[in-house]
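Peer 1: Take a look and give me a structure for this.
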Amino acid sequence: MTRITDLSLLTGWLPVALTVLGALGAVWLLLPRVRRYVTTIMPIVVLAAVVLTVALYLFVEEVWRPFPDPIAVSVYVLIGIAVAAVLLVVPRILVRRTVWTGVVTVLAAVAVLVAVGVRINLEYASYPTVGAALGVEQIDRVDARELTRREQVISARPLEPAWPAPGGLPDGGRVLTATVPPTASGFTARDAQIYLPPAYFADPRPLLPVLVLLAGEPGAPQDWFVGGQLVETMDSFARAHNGLAPVVVVADGTGSQLANPLCLDSKLGNVATYLAVDVPNWTRANLQIDPDPRSWAVGGLSYGGTCALQLATNYPAVYPTFLDMSGEDEPTLGDRQRTVDAAFGGETAALLRVNPLDLLRTRAYPDSAGAFVVGADDETYRPQVERMYQAAKDAGMDVRLRILPGGHSFALWEFGLRDQLPWLATRLGLTP
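Peer 2: Residues are numbered from 1 along each chain as shown. Take a look at the predicted model:
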């Protein structure tokens, strides 16, 4: 029997049912049989909701601009519906001042808010299940003190044919939370979340490849474990390969939920040095993994995809392999001038020296390889990904482009990582 926390919020009956309940709640809020409510109060409240939503849109998109690309208009429409539902609660209760009316009205408003949340979640697929939305974690975690170094290790390229899988391996991988000190960069990052596959706990221990993975913006390393379902993806791969899978270091590339430091070394923070120096140095010093750069890759989604290509073009000796999912063609705060002003004090040349598209036009990368993944319905990012794929190909990189069904959402990125894992495993020397 399926547990409530395992119910899907993306497919099946639950999102449909919650949407229907929200519609019924809206009907209750909008249609009481009182003339003054219908002709005066309701229009005023709805107008107020529209004004507040438009004001929110203008503030976020024109003044604050925390994200490089605008939020979909459909999301603002849904937010407006939620605002109207909240504003209608008190007037609707005052129509008939009974306890029954008050209870039903509050429940109706809650139903509308839940339905709006469900519809927004369907837009981005950030919370695949009820448990994910409620913050119920189903991850097997490991404490750093439990990790001991093995005297015997197995090292080979490819690794899988040389791996005598022992009995008694864990059924799945475990996740380690670790603070990666910003020794070289000084960048204040949140804790990294590290997936260790079953084979990491074997004795002798195979020296596994490493995938440094980055979230989007807004975002956090945990996003890959919630919306991205990273553990499920990696465990599935490990089960098919006798417990072998890459170690995945989900590092923080922004510093906070809404920050956008552009994955550069700039006035906004030395993010590039943190990800290209501090993270690899800490990983090699604290985990028994394959230290060979040929066994290292960097990948990410949206902002993280842009960041992955930035690192691959600026630090090809550190990350000769990359996975760019739905990335942009340039690190940006919304437009070139704003980006240059905020990060480099107006010096455009400073951006051009590290901008991936400019590097790909002026340098050759014969030893680098990468995968570009984007949704077929992603009207904003698909042209940019296709542009960067062609530029990387022209620069001598061994690249591949996968256009998958879907848009700019975790549903696409979760499937994209699963789709590219076999290629990554071969490229990193894990499988033949």
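Peer 1: in the chain, which spans are strands?
Peer 2: 153-154, 174-178, 192-196, 205-206, 210-214, 247-251, 265-266, 269-270, 296-301, 321-325, 369-375, 398-404 (DSSP state E).
Peer 1: relative to strand 192-196, how tilted is the second one?
Peer 2: In other words, strand 174-178. 150 degrees (axes from the mean of the first three to the mean of the last three Cα atoms, to 10 degrees).
Peer 1: Who are the packing partners of strand 174-178?
Peer 2: Here strand 174-178 touches strand 192-196, going by 3 or more Cβ pairs under 8 Å, 6 or more residues apart in numbering; DSSP states H and E. Quick note: C-beta positions are derived from backbone N, CA and C, even for glycine.
Peer 1: Could you list the single helix or strand in this protein with the lowest mean pLDDT?
Peer 2: For the chain, counting by mean pLDDT, DSSP states H and E, helix 35-36 ranks last in confidence among helices and strands (a mean of 87).
Peer 1: Please list the outside residues in contact with that one.
Peer 2: Where contact means Cβ atoms under 8 Å, 6 or more residues apart in numbering, no residue beyond helix 35-36 reaches it.
Peer 1: Repeat that for stretch 106-117.
Peer 2: Contacts of stretch 106-117 (Cβ under 8 Å, 6+ apart): 18-19, 21-26, 28-29, 78-79, 81-82, 85-86, 88-89, 92, 133.
Peer 1: how about 6 Å then?
Peer 2: 18-19, 21-22, 25-26, 28-29, 78, 81-82, 85, 89 (Cβ atoms under 6 Å, 6 or more residues apart in numbering).
Peer 1: swap in stretch 39-49?
Peer 2: Taking Cβ under 6 Å, 6+ apart as the rule, stretch 39-49 contacts 80, 83-84, 87-88, 91.
Peer 1: which of those tops the neighbour count?
Peer 2: Leu88 (25 neighbours; other Cβ atoms under 10 Å).
Peer 1: Can you tell me the closest non-neighbouring residue to that residue?
Peer 2: Of all residues not flanking Leu88 in the chain, Leu29 sits nearest, at 4.5 Å (Cβ to Cβ, 6 or more residues apart in numbering).
Peer 1: State the number of residues packed around that neighbour.
Peer 2: Neighbours of Leu29 using other Cβ under 10 Å come to 24.
Peer 1: For Val250, the count of nearby residues, please.
Peer 2: The number of residues packed near Val250 is 26, by other Cβ under 10 Å.
Peer 1: If it is in a bridge, with which residues?
Peer 2: Gln193, Leu213 (DSSP bridges).
Peer 1: How about the contacts made by it?
Peer 2: Residues counted as contacts of Val250 (Cβ under 6 Å, 6+ apart) are 193, 213, 221, 224.
Peer 1: So what's the residue count around the third one?
Peer 2: Meaning Pro221. Pro221: 24 neighbours (other Cβ under 10 Å).
Peer 1: Help me confirm that it comes into contact with Gln193.
Peer 2: Yes - judged on Cβ atoms under 6 Å, Pro221 makes contact with Gln193 at a distance of 4.5 Å.
Peer 1: Model confidence for Ala55, exactly?
Peer 2: In this prediction, Ala55 carries a pLDDT score of 97.
Peer 1: before we move on, what about the one 5 residues further on?
Peer 2: pLDDT recorded at Val60 is 93.
Peer 1: i'd like the first residue to be 106 from this point on
Peer 2: New numbering, starting at 106: the last item is Val165.
Peer 1: how close does it get to Phe172?
Peer 2: Between Val165 and Phe172 the distance, using Cβ to Cβ, to the nearest Å, works out to 8 Å.
Peer 1: quick one, helices of the stretch 156-305 of the chain?
Peer 2: Assigned by DSSP state H, counting those that start in this stretch, the helices in the stretch 156-305 of the chain fall at 178-200, 204-229, 235-239.
Peer 1: And these: which comes nearest Ala500?
Peer 2: helix 204-229 (32.1 Å; Cβ to Cβ).
Peer 1: List the buried residues for the closest one?
Peer 2: 206-207, 209-210, 213-214, 216-227, 229 (16 or more other Cβ atoms under 10 Å).
Peer 1: Can you report phi and psi for the residue nearest to Pro271 when sequence neighbours are not counted?
Peer 2: Among residues not flanking Pro271 along the chain, Ala307 sits closest, at 5.4 Å (Cβ to Cβ, 6+ apart). Dihedral angles of Ala307 (phi, psi; degrees, to the nearest 10) stand at phi -80, psi 160.
Peer 1: how deep is Ala307 tucked in, by neighbour count?
Peer 2: 23.
Peer 1: which one is the residue nearest the centre of the chain nearest to, not counting chain neighbours?
Peer 2: Centroid check for the chain by Cα atoms, centre = their mean gives Ala320 as the closest residue, at 3.8 Å. Leaving out its chain neighbours, the residue that sits closest to Ala320 by Cβ to Cβ, 6+ apart is Asp328, at 4.4 Å.
Peer 1: how about the CA coordinates for stretch 329-345, as CSV?
Peer 2: This file holds the C-alpha atoms of stretch 329-345, laid out as CSV (Å, rounded to 0.1, in the frame of the first residue of the first chain):
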residue,chain,number,x,y,z
TRP,A,329,19.1,17.8,-6.3
PHE,A,330,17.9,15.4,-3.6
VAL,A,331,14.3,16.6,-3.5
GLY,A,332,13.2,17.7,-7.0
GLY,A,333,16.2,16.1,-8.7
GLN,A,334,15.7,12.7,-6.9
LEU,A,335,19.5,12.2,-7.0
VAL,A,336,19.6,9.3,-4.6
GLU,A,337,17.0,7.3,-6.6
THR,A,338,18.9,8.0,-9.9
MET,A,339,22.3,7.1,-8.6
ASP,A,340,21.1,4.0,-6.7
SER,A,341,19.4,2.7,-9.8
PHE,A,342,22.6,3.1,-11.7
ALA,A,343,24.6,1.4,-8.9
ARG,A,344,22.2,-1.6,-8.8
ALA,A,345,22.9,-2.2,-12.5
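Peer 1: these two touch, right, the residue nearest to Leu193 and Pro196?
Peer 2: No - look at Leu134 against Pro196 with Cβ under 6 Å: they stay out of range, at 9.1 Å.
Peer 1: that older thread, out of Val165 and Phe172, which sits in the more crowded spot?
Peer 2: Phe172 (18 against 15).
Peer 1: pLDDT at the more buried one, what is it?
Peer 2: pLDDT, Phe172: 83.
Peer 1: Quick check: phi and psi on it?
Peer 2: Given degrees, to the nearest 10, the pair of backbone angles that Phe172 has is phi -120, psi 150.
Peer 1: next one: the one 4 residues further on
Peer 2: Reported as degrees, to the nearest 10, the phi and psi values for Ile176 are phi -70, psi 140.
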